[in-house]
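A.B. asks: Have a look; sequence and predicted model below, questions after that.
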Amino acid sequence: MLAIKKSENSAPKCAVNVLPCRIQHNGPVHASTRHWTPEVTSDGNQNSTATAYFRGRKLNGRVLDLPEGYRDTILPNTTNSTTPMALDTEEEQQEEPTPETKVLEEIATFDRITVYGHEVQPDAQEDVYIKGINEWISLAGANR
């Protein structure tokens, strides 16, 4: 089981970018504007696109704004866990053992995800990341 521990302070906002390449780093990057300056444009119909350059290669991105009322957070893997509460001896014998609960701590929040493609914008019907995000939002909306 998983439990989410809300940040004690206000969690900082961050930008989530899915790049079409493998980078041997996972986490925050303190990139200067000299190295990463995506230009976001909107057509007025809630369709935003982004253009950026990474190591001299042009990346075209599709910006996915997440729905209002959803809490979008960055939760790193941790080794923290909680131990199950002790039960009465009768209840303990009758029930299956309680699984260990891993505790994930919120480190940042976000309200949009930008998915990039090489030279072309990712297709919403074909891109696995965009399809997965849209399916997850639909599933979460059905459970509200």
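C.D. replies: Happy to help now that I have it.
A.B. asks: The helix or strand containing Ala52 packs against which elements?
C.D. replies: Assignment of secondary structure by DSSP states H and E places Ala52 within strand 48-54. Packed against strand 48-54, as judged by 3 or more CB pairs under 8 Å, 6 or more residues apart in numbering; DSSP states H and E, are the following elements: strand 39-42, strand 57-65, strand 112-118. (Glycine included, C-beta is placed from N, CA and C.)
A.B. asks: try it again with 6 Å
C.D. replies: Helices and strands touching strand 48-54, by 3 or more CB pairs under 6 Å, 6 or more residues apart in numbering; DSSP states H and E, are strand 39-42, strand 57-65.
A.B. asks: Let me see the ranges of the helices in the chain.
C.D. replies: 89-94, 128-142 (DSSP state H).
A.B. asks: on that earlier part again, what's the angle between the strand holding Ala52 and strand 57-65?
C.D. replies: Here strand 48-54 runs at an angle of 150 degrees relative to strand 57-65 (axes from the mean of the first three to the mean of the last three CA atoms, to 10 degrees).
A.B. asks: and Ile23, backbone torsions?
C.D. replies: Torsion angles at Ile23 (phi, psi; degrees, to the nearest 10) stand at phi -120, psi 130.
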